[in-house]
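Enquirer: Predicted model and sequence follow; I will ask about them next.
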Amino acid sequence: MGKIIFIDVDGTLLDYENKLPASADIAIKEARKNGHHVYIWNIGLDGMIGGNGSYVKDKDTVVMYQLITLEQCKHIVDWCHSRNLEFYLESNNGLFTSKNFEEKGNPVIKVYCQRKGKENASEQTVCTVFSEMIYGGELYRDDCNKVSFILNSYQDHLDSIKEFPDLKPGTWGGADEIALFGDLGVKGIDKAHAIDELLKYLGASLEDTFAFGDAKVDIPMLEYCNVGVAVNSGGDEIKAMADYVTDDVDKDGIYKAFVHFGLIDDVLNLC
């Protein structure tokens, strides 16, 4: 078995317009030709991992699947509605959003993209960043991996910790008090745990692993894998702890890192 590569999607593999750079596509195809295995969050190739680590699949085999229960989901939805928090539910069947998420989310998405250094951040909307969202769907669900909600204030996150002791609260879109979103996931689950479960299933060695990410939520997998790579447009926290920082996603960062670590040859002469 070759190396095992784990790649986050938003901001790492895809840019903030959900576009896959041609160089990244070539890098992945060349790496797989060279016998390496590529696992992308929420996208199936050799397999996929979803819900921040609650769902693990290798080819056609589901290795692990841990969900927020229907009762927990109802609790979250009702709590968000009671506090006028707009939210979306992440499941393997799609992203199901609250009624006013787009209206409330558009200015927040612009700030999020500005913080990521996106050149046309002022033009970004919920539709451009989350084009796959489903409006008007059932919100009391038994297939939910994670819930994200727009923070009216950081106090919403602090209150979620007290309200949901049976779940794992977090934030994203900014560090601590400047966070834009809160989220709630399955307790005891993160990306590192998912990778550990997959490696056990594969009988693979941790020494052969690479992880690529850009956000705080990716830090556990970068810490766990043998080599952790952050993209330059990522947050300061993840770049500080990464083993290697590569270029932005839209500046051929994935391709350049693959070449740097000898996973592929420089067929494009970019390095």
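Expert: That came through fine. Residues are numbered from 1 along each chain as shown.
Enquirer: Three-state assignment for the closest residue to Ile28 other than its chain neighbours, please.
Expert: Nearest residue to Ile28, sequence neighbours excluded (C-beta to C-beta, 6 or more residues apart in numbering): Val38, at 5.4 Å. Using the backbone N, CA and C atoms, a C-beta is placed for each residue, glycine as well. Secondary structure state of Val38, per DSSP: H, G, I helix; E, B strand; the rest coil, is strand.
Enquirer: show me what contacts Val38?
Expert: Going by C-beta atoms under 8 Å, 6 or more residues apart in numbering, Val38 touches Ile5, Ile7, Ile28, Ala31, Arg32, Leu45, Asp46.
Enquirer: Just the CA atoms of the helix or strand where Asp159 lies, as PDB, please.
Expert: Under the criterion of DSSP states H and E, Asp159 resides in helix 154-163. Extracted C-alpha coordinates of helix 154-163, given in PDB (Å, rounded to 0.1, in the frame of the first residue of the first chain):
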ATOM      1  CA  TYR A 154     -20.400  34.200  21.200                       C
ATOM      2  CA  GLN A 155     -22.800  33.700  24.100                       C
ATOM      3  CA  ASP A 156     -24.800  31.400  21.800                       C
ATOM      4  CA  HIS A 157     -21.900  29.000  21.700                       C
ATOM      5  CA  LEU A 158     -21.300  29.200  25.400                       C
ATOM      6  CA  ASP A 159     -25.000  28.500  26.100                       C
ATOM      7  CA  SER A 160     -24.900  25.600  23.600                       C
ATOM      8  CA  ILE A 161     -22.200  23.900  25.800                       C
ATOM      9  CA  LYS A 162     -24.600  24.000  28.800                       C
ATOM     10  CA  GLU A 163     -27.700  23.100  26.700                       C
END
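Enquirer: Tell me the buried residues in that helix?
Expert: Going by neighbour count (16 or more other C-beta atoms under 10 Å), the buried part of helix 154-163 is Asp156, His157, Ser160, Glu163.
Enquirer: same deal with stretch 202-211?
Expert: Buried residues in stretch 202-211, counted by 16+ other C-beta under 10 Å: Leu202, Ala204, Asp208, Thr209, Phe210, Ala211.
Enquirer: what do you get for stretch 206-225?
Expert: 208-222, 224-225.
Enquirer: In terms of distance to Met241, which of the buried residues of stretch 202-211 ranks first?
Expert: Ala211 (11.4 Å; C-beta to C-beta).
Enquirer: which SS class is that closest one?
Expert: Strictly by three-state DSSP, Ala211 counts as strand.
Enquirer: Make residue 1 into 494 and carry on from there
Expert: Noted, 494 is the first residue going forward, which turns the last one into Ala704.
Enquirer: Would you pull up how far the helix holding Asp652 lies from the middle of the chain?
Expert: 22 Å (C-alpha atoms, centre = their mean, to the nearest Å).
Enquirer: Show me what the helix or strand just after that helix is packed against.
Expert: Once helix 647-656 ends, the next helix or strand along the chain (criterion: DSSP H and E) is strand 660-665. On a contact count with 3 or more C-beta pairs under 8 Å, 6 or more residues apart in numbering; DSSP states H and E, strand 660-665 meets helix 647-656, strand 674-679.
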